[in-house]
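Visitor: prediction below, plus the sequence it came from.
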Amino acid sequence: MPHLPIIRITFVISTLQAGGAERALANMVNFWSRRGHCIEILTLWPKGSQPFYELDAPIVHRPLSLARDSDNLLQFIAYNLKRISVIRRAIIRSRPDIIISSLDKTNILVSLASIGCGIPLIVCEHNDPAESKIGGRGWELLRKLTYSRADALVVETNVERSFFGPGIRRRTSVIPNGVTLPAGSNAPPSRRKCNHKIIAVGRLANQKGFDLLLQAFSKVHPRFPQWSLTVWGDGPERGTLEELRDRLGLTASVQFPGRTQNPFKEMAESDLFVLSSRYEGFPNVLLEAMTCSLPVISFECSSGPGEIIRDQLDGILVPPRNVNALADAMAYLIDNPELRTQLGERAKEVVQRFGLEKVMGQWEELLVDILPNSAVLPSPSTASNNC
């Protein structure tokens, strides 16, 4: 594998709040910071917020406070021009050897902001673009134009790559998210006694399909009343989901406790993980659940879960958005503890398949291909003085 010299990397993302793209970025920057690279993260909003995921001390986080609603088209244009100007100044001040941007609209703004800077740019998608609409023909056209000028586009699956035209596909790399072991662990855990707990984790939004999960659980619960469901996360659909839970008669059996900064702990105390998303990119939370030796069930989204789960070997895939099939799979695993154990033991092999070190090796190969030979700081031992 080519050697990546010590470099300065500026990441740009909309927020560092809870989310899959944010988790993936935190894993990347901590990995590279520990290798001696100089890391700065620019976030567009919100002002004064602290990162949800822990960042190593040498990493610089600079929030730009650029979130604001527009009342009309002229305000929208004017404010986005201001955003581009602020992002450009922040990038130049950070003096990067390379820029890595995440999420579609942010990618567009960063691409426009970096025009003429002479700094290599990688843009990253973290969802299936065919399902996750960017919003209007104008944004779609801008994505096509700006992605064409980026040095590379990184997507998580071949399905995502196929969304783009031939010109963009030629400079697209498929790199999945990487997973790390729980803090303080040298090996994935093995399962222990049953606590009769099902767990799900994600933003409480339509994409994650928790309404479908509640409907499926309502079909399972009368047969297995000792089992409970906990959905970790927060988001705009909390009230709607709580109302649905209560209408389905699940108030005492389904909890929405909010966000958790330690999903591994909650997963270690659970017996079954369910991913009910309508669509996905390459779900970190599914990787984390399998790392914890949890048996997993997931809808077979067009992108993501099918690349992670080996059906019937280390998890179960069911037809997308099919509530009855999801309920049947949940009941089947609840009723077969030995199968849950077998699936969980194979699930932890995900660490070998998508371990962070392996995935970051793919990233480093890409950076070596893109970077000019001059993008080198003196040595790891002096890198901190150059950041």
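Guide: The structure has been received and is ready for your questions. Residues are numbered from 1 along each chain as shown.
Visitor: tell me which element the residue lying closest to Glu156 once chain neighbours are set aside is part of?
Guide: Nearest residue to Glu156, sequence neighbours excluded (Cβ to Cβ, 6 or more residues apart in numbering): Phe282, at 3.5 Å. To be clear about C-beta, it is placed using only N, CA and C from the backbone, and glycine gets the same treatment. Under the criterion DSSP states H and E, no helix or strand holds Phe282.
Visitor: residues contacting Phe282?
Guide: His126, Glu156, Thr157, Pro176, Asn177, Ser303, Gly304, Glu307, Ile308 (Cβ atoms under 8 Å, 6 or more residues apart in numbering).
Visitor: give me the pLDDT value at the first one.
Guide: The score at His126 is 93. That number is its pLDDT.
Visitor: with Ser94 instead?
Guide: Reported pLDDT for Ser94: 96.
Visitor: isn't it up against Thr10?
Guide: Yes: under the criterion of Cβ atoms under 8 Å, Ser94 is in contact with Thr10, at a separation of 4.5 Å.
Visitor: who has more neighbours, these two?
Guide: Thr10 (27 against 22; other Cβ atoms under 10 Å).
Visitor: quick one: that one is in a strand?
Guide: Yes: according to DSSP: H, G, I helix; E, B strand; the rest coil, the state of Thr10 is that of a strand.
Visitor: quick check: beta-bridge partners of it?
Guide: Note on Thr10: beta-bridge partners Glu40, Ile99, judged by DSSP bridges.
Visitor: for it, list the residues it contacts.
Guide: Taking Cβ under 8 Å, 6+ apart, we find Thr10 in contact with Glu40, Ile41, Leu42, Ile91, Ser94, Pro96, Ile98, Ile99, Ile100.
Visitor: Trp363: which of these is nearest?
Guide: Ile100 (8.9 Å; Cβ to Cβ).
Visitor: what mean pLDDT does the one helix or strand Leu145 maps to have?
Guide: Taking DSSP H and E as the criterion, Leu145 maps to helix 136-149. Helix 136-149 shows a mean pLDDT of 91.
Visitor: and that helix, how far out from the chain middle?
Guide: Here helix 136-149 is found 22 Å from its chain centre; the criterion is Cα atoms, centre = their mean, to the nearest Å.
Visitor: swap in stretch 21-29?
Guide: Centroid displacement of stretch 21-29 relative to its chain, using Cα atoms, centre = their mean, is 8 Å.
Visitor: what is the burial count for Lys208?
Guide: Neighbourhood size, Lys208 [other Cβ under 10 Å]: 26.
Visitor: could you report the separation of it from Pro283?
Guide: According to Cβ to Cβ, to the nearest Å, Lys208 and Pro283 sit 10 Å apart.
Visitor: anything in contact with each of the two?
Guide: Taking Cβ under 8 Å, 6+ apart as the criterion, Lys208 and Pro283 both touch Ser277.
Visitor: past the helix holding Leu145, which element shows up next along the chain?
Guide: strand 152-155.
Visitor: could you list every helix and strand in contact with the helix or strand following that following strand?
Guide: Downstream of strand 152-155, the next assigned helix or strand under DSSP H and E is helix 158-162. Secondary-structure packing of helix 158-162 (3 or more Cβ pairs under 8 Å, 6 or more residues apart in numbering; DSSP states H and E): strand 172-174.
Visitor: buried sites along the next helix or strand after the strand it packs on?
Guide: Note on strand 172-174: by DSSP H and E, the next helix or strand toward the C-terminus is strand 197-201. Using 16 or more other Cβ atoms under 10 Å as the burial criterion, the residues of strand 197-201 that qualify are Lys197, Ile198, Ile199, Ala200, Val201.
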